[in-house]
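In: Any chance you could fold what I've pasted below:
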Amino acid sequence: MASSFPSMLVVILSLLLVFFSGSSRAQLSTTYYSKTCPNVLTKVKASVQSAISKEKRAGAALLRLHFHDCFVNKNAVPNKNSARGFDVVDNIKTAVEKACPGVVSCADILAIAARDSVAILGGRSWNVKLGRKDATTASQSAANNAIPLPTSSLSTII
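Out: Have a look, this model is predicted:
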């Protein structure tokens with residue numbers, strides 16, 4: 001009986017490991033919002049197209065904001081007076097929220113908008129895997145320290 005206890009313990013621990021490792025990873029998918037917000041791609045694309053038709057630089061601004069999304073928010077010192085496109089993102093978020101309140105993350109909106117802006121301006125398109133979650137906290141000091149300044153050299157950024 002004593003020899004079966006370690007075997008049973010190994011089996012239980014293995015099952016727990018398998019159970020928790022499978023459920024801890026986020027499952028991004030191109031169809032993530034197909035049931036909860038089926039028109040999200042249309043809403044984002046229409047807003048991006050409208051913004052680019054008024055100002056071609058909006059596309060580049062959205063691509064830059066997608067990169068900076070990893071670094072928090074529009075009030076960070078490196079973004080002040082340098083990052084454009086926040087108004088476009090706000091307009092997109094408003095349109096998406098009107099259709100599907102509280103469903104689509106801002107991180108996903110930025111990913112879709114960046115892709116659409118590149119494609120609308122003649123670049124390649126790609127599938128965007130969706131299902132990102134927005135942060136529940138933001139740190140102004142972390143953003144100030146992490147975002148490269150617009151005047152940073154390539155060697156500084158790398």
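In: Quick one: the helices in this protein, in order.
Out: With helices called from DSSP state H, the chain shows them at 4-23, 40-54, 57-68, 86-99, 106-120, 140-146, 154-157.
In: could you give me the average pLDDT of the third one?
Out: Same thing as helix 57-68. Helix 57-68 shows a mean pLDDT of 84.
In: And that helix, what does it pack against?
Out: helix 40-54, helix 86-99, helix 106-120 (3 or more C-beta pairs under 8 Å, 6 or more residues apart in numbering; DSSP states H and E). (Glycine included, C-beta is placed from N, CA and C.)
In: now that helix and helix 86-99, what's the angle there?
Out: For helix 57-68 against helix 86-99, the angle by axes from the mean of the first three to the mean of the last three C-alpha atoms, to 10 degrees is 80 degrees.
In: For helix 57-68, buried residues please.
Out: Ala58, Gly59, Ala60, Ala61, Leu62, Leu63, Arg64, Leu65, His66, His68 (16 or more other C-beta atoms under 10 Å).
In: Quick one, which of the helices and strands packed on helix 57-68 gets closest to Tyr32.
Out: helix 106-120 (7.7 Å; C-beta to C-beta).
In: Between helix 86-99 and the closest one, find me the angle.
Out: Using the same axes, to 10 degrees, helix 106-120 lies at 110 degrees relative to helix 86-99.
In: Identify the residue spatially nearest to Thr36, adjacent ones excluded.
Out: Val103 (5.0 Å; C-beta to C-beta, 6 or more residues apart in numbering).
In: For Ala61, see how far away that neighbour is.
Out: Applying C-beta to C-beta, to the nearest Å, the value for Val103 to Ala61 is 25 Å.
In: do the same with Glu55
Out: For Glu55 relative to Ala61 (C-beta to C-beta), the value is 9 Å.
In: again, but for Tyr33
Out: For Tyr33, the distance to Ala61 - C-beta to C-beta - is 24 Å.
In: Give me the below-cutoff pLDDT ranges for this structure.
Out: 1-11, 13-26, 68-83, 135-150, 154, 157-158 (pLDDT under 70).
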